[in-house]
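J.: Sequence plus predicted model, see below.
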Amino acid sequence: PTTPVPGGPVTYTVTVTNAGPSNLTPTIPATFTDTVPAAITNVTWTCAASAGSSCTASGAGNAISDPAVVLLSGGTATYTITGTIAPSATGSLTNTASLRRPNDVSDPIDDDGSGGTNTTESATDTFTLGSPVPIVGIAKQAGAPVNNGNGTYTIPYTVRINNLGVIPLSNVQVVENLSNVYGVPATFTLQGAPIGNGVTVNPAFTGSGGNTNLLAAGQTLAVGASSTVTFNVIVTPNGNLGPYVNSALSTATDTTGTLNTTDTSDSGTNPDPNNNGNPNDPGENDPTVVTITPEPLLGGAKGVVNVVNNGNGTFDVQYRVTIENLGNVQVNGLQVVENLATTFTGATAFSIIAPPTSPTLTVNPGFNGNGNNNLLAGTNSLPINQRGTIDFTVRVTPGANLGPYQNLVTTQGTAPGGQPVTDTSTNGLDPDPNNDGNPNEQVPTPVNFNGVPRLGIAKRATSVVNNGNGTFTVTYDLNLAELGSVDID
């Protein structure tokens with residue numbers, strides 16, 4: 001074997017040879033067996049035979065048995081057996097491998113001195129374990145991302161560091177480079193400082209640049225001890241929802257600082273899931289993966305910017321529609337549906353006198369709110385955290401019905417995954433007035449034409465009579481008129 005130390009790997013090489021003169025054939029093969037000591041774990045083996053000979057290619061487990069050893073005269077089969085010595089192993093380990101051939105002929109060469117018909121040959125190896133080596137293991141677990149409602153997400157992480165060996169660990173450190181995880185266009189920051197349990201954290205840790213050491217210098221772990229560090233990362237995806245793939249690296253030494261140990265984190269809470277003392281078995285260094293769920297979300301608001309009384313029974317109403325992408329993915333095929341015929345039911349007439357305009361969105365020039373109800377061309381996309389506005393003016397002849405006229409618009413689009421996204425507007429210019437990230441207010445936009453009362457009066461003298469005594473009698477007419485849009489009592 002090689003490297004016979006507790007916690008370290010071990011490799012046995014066993015070669016069996018047919019010295020002849022007879023062949024071992026497929027109908028009369030030999031059987032190879034080897035019961036590997038229980039202190040050696042995670043045992044796997046392979047076999048390679050010389051030309052014209054054959055054996056079972058591979059297997060696993062401490063009880064090795066290959067009943068299909070076929071060897072030409074002079075042929076060989078080489079078994080390579082690997083495993084990990086348990087960290088708690090002490091003293092020496094003895095391993096015996098055997099080959100049993102059929103009882104068809106007598107073997108004149110008794111290599112192992114077993115005597116009798118000599119159908120079995122065995123070989124034994126014993127080695128004394130050397131000094132134990134330091135073994136550190138690390139695991140990293142991510143919690144579910146929490147939507148903060150402002151375009152950011154909080155992702156909680158827990159890092160566990162274990163001393164899996166039989167000697168104390170010194171200079172324990174964890175290197176955590178979050179810059180490699182949250183790449184452009186995503187950005188990140190830490191929420192407060194990491195919290196250590198059983199270890200002291202590095203107060204300057206940021207996860208980027210020169211501050212990727214999670215622990216303070218000089219940390220130690222006793223035999224069998226474990227410690228944890230928890231921290232929260234606030235991520236602004238900016239369209240990059242993951243997967244965010246992360247591995248942390250733990251390093252340590254023995255107490256003299258001469259023997260080193262490293263481990264790359266495994267996803268979860270156990271650095272050594274098969275509990276064999278070796279945290280580097282296949283499948284035990286899997287990265288920790290986080291993916292943020294796509295959450296398409298549109299918000300719409302509609303406000304009355306201005307109302308002008310034209311003095312002839314008509315009013316010009318300037319509306320502004322605001323659309324905002326409050327989700328975490330771009331919304332495509334943006335549209336706003338505005339049915340003015342439903343809004344101004346009861347009015348004498350209405351018409352569009354200023355068609356839709358927008359500084360950033362492509363409008364529908366044919367919009368009339370009465371059958372042609374789409375304000376936009378439907379070709380626009382709205383990026384995350386972006387807004388768009390649409391202005392248009394309606395001339396209304398309210399007649400006897402001065403309102404209020406209630407209005408709602410519907411904002412709609414399609415997420416990258418194909419799912420529809422809609423929102424019914426709220427009153428005003430802010431799609432999310434309470435800033436909770438959820439535009440679910442849905443308040444109609446009212447407009448009233450309770451115009452300013454306007455009273456006109458005219459006065460004229462209709463006659464002047466000379467009374468003949470130095471006085472005159474003057475008769476006046478007063479003419480009152482209601483010139484506004486409301487009755488005056």
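T.: Alright, I've got the coordinates.
J.: by contact count, what packs against the helix or strand where A68 lies?
T.: Per DSSP states H and E, A68 falls inside strand 63-69. Packing partners of strand 63-69 (3 or more CB pairs under 8 Å, 6 or more residues apart in numbering; DSSP states H and E): strand 30-35, strand 40-49, strand 76-85. Any C-beta I mention is one placed from the backbone N, CA and C, and that applies to glycine too.
J.: Please enumerate residues in contact with it?
T.: Contact with strand 63-69 is made by 16, 24, 26, 29-36, 43, 45, 47, 54-56, 59, 77, 79, 81, 99, as judged by CB atoms under 8 Å, 6 or more residues apart in numbering.
J.: If we use 6 Å, what do you get?
T.: For strand 63-69, the surrounding residues in contact (CB atoms under 6 Å, 6 or more residues apart in numbering) are 29-35, 45, 55-56, 77.
J.: For it, which residues meet the burial criterion?
T.: With burial defined by 16 or more other CB atoms under 10 Å, the residues of strand 63-69 counted as buried are 64, 66, 69.
J.: pLDDT on it, on average?
T.: Mean per-residue pLDDT for strand 63-69: 96.
J.: strands paired with it, and their directions?
T.: Looking at strand 63-69 with DSSP bridges, its partner strands are strand 30-35 (antiparallel).
J.: Could you dump the helices and strands packed on strand 63-69 into a markdown table with mean pLDDT, distance to N325 and mean neighbour count added?
T.: Formatted as a markdown table, the helices and strands packed on strand 63-69 follow (pLDDT from 0 to 100; distance: least, CB to CB, whole Å; neighbours: other CB atoms under 10 Å):
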| stretch | mean pLDDT | distance to N325 | mean neighbour count |
| --- | --- | --- | --- |
| strand 30-35 | 96 | 66 | 19 |
| strand 40-49 | 95 | 52 | 19 |
| strand 76-85 | 94 | 53 | 21 |
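J.: Y319 is nearest to which of those?
T.: Between Y319 and these, the shortest gap by CB to CB is with strand 40-49, which sits at 72.0 Å.
J.: partners of that closest one, with directions?
T.: Counting by DSSP bridges, strand 40-49 is paired with strand 58-60 (antiparallel), strand 76-85 (antiparallel).
J.: what's in contact with that strand?
T.: So strand 40-49 is contacted by 10, 36, 55-56, 58-62, 64, 77-86, 276, 281 (CB under 6 Å, 6+ apart).
J.: what about 7 Å?
T.: 10, 36, 55-62, 64, 66, 75-86, 93, 276, 278, 281 (CB atoms under 7 Å, 6 or more residues apart in numbering).
J.: before we move on, what about stretch 160-170?
T.: Contacts with stretch 160-170, where a contact means CB under 7 Å, 6+ apart, come from 6-7, 87-88, 132-139, 172, 174, 220-228, 250, 252-255, 257, 269, 271-272, 277, 279.
J.: Can you turn the buried part of these into a PyMOL selection?
T.: Here is the PyMOL command that selects only those of the contacts of stretch 160-170 that count as buried (16+ other CB under 10 Å):
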select buried, resi 6+7+87+132+133+134+135+136+137+138+139+172+174+220+221+226+227+228+250+252+253+254+271+272+277+279
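J.: and the spatially most central residue of the chain, what pLDDT?
T.: Computing the C-alpha centroid of the chain and ranking residues by CA atoms, centre = their mean puts T291 first, at 2.0 Å. If you check T291, the pLDDT there is 95.
J.: quick one on the thing from earlier: which two of the contacts of strand 63-69 have the greatest separation?
T.: Checking those against each other with CB to CB, the farthest-apart pair comes out as P29 and T35, at 20.0 Å.
J.: Just the residues contacting stretch 237-245, thanks.
T.: 153, 181-182, 185-187, 287, 289-292, 294, 328-330, 384.
J.: give me that answer again for 8 Å
T.: With contacts defined as CB under 8 Å, 6+ apart, stretch 237-245 is touched by 151, 153, 155, 181-187, 235, 287-294, 328-330, 383-384.
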